[in-house]
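Undergrad: here are the coordinates; sequence isn't available:
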């Protein structure tokens, strides 16, 4: 799939094993903002990296990875989708497990292009919902998601135990 963005043409293709290092290199992007109290950047990055690495190596049939490339075929972002069942309705849902753009490419329409791809893919695969999770402090991503029509559905709240407040 090709899409035109303010910075040029973006092509989205299924990821291949050769994309593993690129995809894993973007794990720090998932903690490049203020995290909630009790969350440490190193732990968040390590957990997300391990989760992505597991999905890439195990290749469960519910997981799908895509890479966004510029016209010169340089990768500039990736998308990880998971087909699930909605807890409340049981409807087939497509969850955006991970979406990241390379540093220095923010604000160029790449994230929006990846979101549009996720929605088209979800429709083509009979999903009734498109979901995602985002840290409250990730204001840039939250703004993108809200502009794209996402709204809060369920809030997950956390309370650290065993340490002083």
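TA: Ah, there it is. If you're wondering where the values come from, they're calculated on a predicted model, not measured in any experiment.
Undergrad: in this structure, which helix has the most residues?
TA: Ranked by residue count, the top helix of the chain under DSSP state H comes out as helix 41-58.
Undergrad: Can you give me the buried ones in that one?
TA: The neighbour-count check on helix 41-58 (16 or more other Cβ atoms under 10 Å) flags 44-45, 48-49, 52, 55-56 as buried. No exception for glycine: its C-beta is placed from N, CA and C like everyone else's.
Undergrad: helices and strands around it, which ones?
TA: Secondary structure elements in contact with helix 41-58, counted by 3 or more Cβ pairs under 8 Å, 6 or more residues apart in numbering; DSSP states H and E, are helix 20-25, strand 63-70, strand 92-101.
Undergrad: Adjacent strands (with direction) for the longest one?
TA: Counting by DSSP bridges, the strands paired with strand 92-101 are strand 75-85 (antiparallel), strand 129-132 (parallel).
Undergrad: Dump the ones you listed to CSV, plus mean pLDDT.
TA: Formatted as CSV, those follow (pLDDT from 0 to 100):
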stretch, mean pLDDT
strand 75-85, 97
strand 129-132, 96
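Undergrad: Make a markdown table out of the ones you listed and add distance to residue 151.
TA: Listed next are the strands paired with strand 92-101 as a markdown table, based on distance: least, Cβ to Cβ, whole Å:
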| stretch | distance to residue 151 |
| --- | --- |
| strand 75-85 | 19 |
| strand 129-132 | 11 |
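Undergrad: Residue 28 is nearest to which of those?
TA: Across the strands paired with strand 92-101, residue 28 has its closest neighbour in strand 75-85 (13.5 Å, Cβ to Cβ).
Undergrad: Next, the angle helix 41-58 makes with that closest one.
TA: Angle of strand 75-85 versus helix 41-58, following axes from the mean of the first three to the mean of the last three Cα atoms, to 10 degrees, is 70 degrees.
Undergrad: before we move on, back to that, tell me the one among the buried residues of helix 41-58 nearest to residue 126.
TA: residue 55 (21.4 Å).
Undergrad: winner for burial among the strands paired with strand 92-101?
TA: Stretch with highest mean neighbour count among the strands paired with strand 92-101: strand 75-85 (a mean of 20; mean count of other Cβ atoms under 10 Å).
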